[in-house]
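Student: any chance you can model this:
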Amino acid sequence: RLGGNARANDTGGESESGGHRARVATFGIVVSTTPKTATVLVSRKVPHPRYHKLINKSKKFAVHDEENTAKVGDVVYIKQCRPMSKSKKFTLGEVVTAK
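Tutor: Below you'll find the predicted structure:
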């Protein structure tokens, strides 16, 4: 799952790869040390099942960055793509705000 309904945004239409909708979202870069790969941290707040307090859930996604444009702390736009490797299933759309 990609970030929940509050932060993620579906494209609304058909993607190039068939009848599935591609997932797109905007999140912050955590690590960008490996070439052509950046790690994006997706965090969201969900209510605890029993106590109903909001708790933070987070997940890291490996993102393909062809030109190595993303730096640590940047907010980036990512979109779903074909699997590039075992862990990379997203590409870097653009850098929204640079740090």
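Student: next secondary structure after the helix-or-strand element of the chain with minimal mean pLDDT?
Tutor: Across the helices and strands of the chain, the lowest-confidence element by mean pLDDT, DSSP states H and E is strand 8-10, at a mean of 45. Later in the chain than strand 8-10, the nearest helix or strand by DSSP states H and E is strand 23-31.
Student: okay, now the sheet partners of whatever helix or strand comes next after that next one, with direction.
Tutor: Past strand 23-31, further along toward the C-terminus, the next helix or strand under DSSP H and E is strand 37-47. Paired neighbours of strand 37-47 in the sheet (DSSP bridges): strand 23-31 (antiparallel), strand 54-64 (antiparallel).
Student: how far is the shortest one from where the chain is centred?
Tutor: Read it as strand 23-31. Taking the mean of its C-alpha atoms, strand 23-31 sits 4 Å from the chain's own mean (CA atoms, centre = their mean, to the nearest Å).
Student: average pLDDT across it?
Tutor: Over the span of strand 23-31, the pLDDT mean works out to 76.
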